[in-house]
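[1] this one's sequence-less:
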């Protein structure tokens, strides 16, 4: 009886291991081919919704404290995708929202507003190249 159970477990273990290995290989292939699409889509969605989340959050102290980290993250995403029009629009929106709500220092507000405007203009140039010459 013990040998039967041991053999049965060994056979099932090999089948499960084979299935898991096949699944792992399939997922690896799919991720390598489509990873950039999913990441790009996710980052665009995130930046487009981030400014709304900032404006609609009921705990502004938390948003103010965490805002600069999001601004840096959006900048890093744009570093990898500098010509992504949706990402540029989202970055412009989040910089505008953060600056409008939280930044009181005029010099700092000017820098952040100029950055938001730069992102917006780049997005316009990508969408309508004729407007930028």
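    Sure, I can see it. Just so it is clear, the structure is predicted and the values come from calculations on it, not from any experiment.
[2] C-terminal to the lowest-mean-pLDDT helix or strand in the chain, what's the next element?
    When each helix and strand of the chain is scored by mean pLDDT, DSSP states H and E, helix 2-56 comes last, with a mean of 61. Next helix or strand after helix 2-56 toward the C-terminus (DSSP states H and E): helix 60-80.
[3] What mean pLDDT does that next one get?
    In this model, helix 60-80 has a mean pLDDT of 87.
[4] Can you mark which positions in that helix are buried?
    63, 67, 70, 71, 74, 77, 78 (16 or more other Cβ atoms under 10 Å). Every C-beta, even on glycine, is put in place using the N, C-alpha and C of the backbone.
[5] The helix or strand following that helix packs against which elements?
    Reading on from helix 60-80 to the C-terminus, the next helix or strand found by DSSP H and E is helix 85-102. Judged by 3 or more Cβ pairs under 8 Å, 6 or more residues apart in numbering; DSSP states H and E, helix 85-102 is in contact with helix 2-56, helix 60-80, helix 106-127.
[6] Give me the contact list for the shortest one.
    If I follow you right, that is helix 60-80. For helix 60-80, contacts defined as Cβ atoms under 8 Å, 6 or more residues apart in numbering pick out 43, 47, 50, 54, 57, 84, 87-88, 90-91, 94-95, 98, 101-102, 112, 119.
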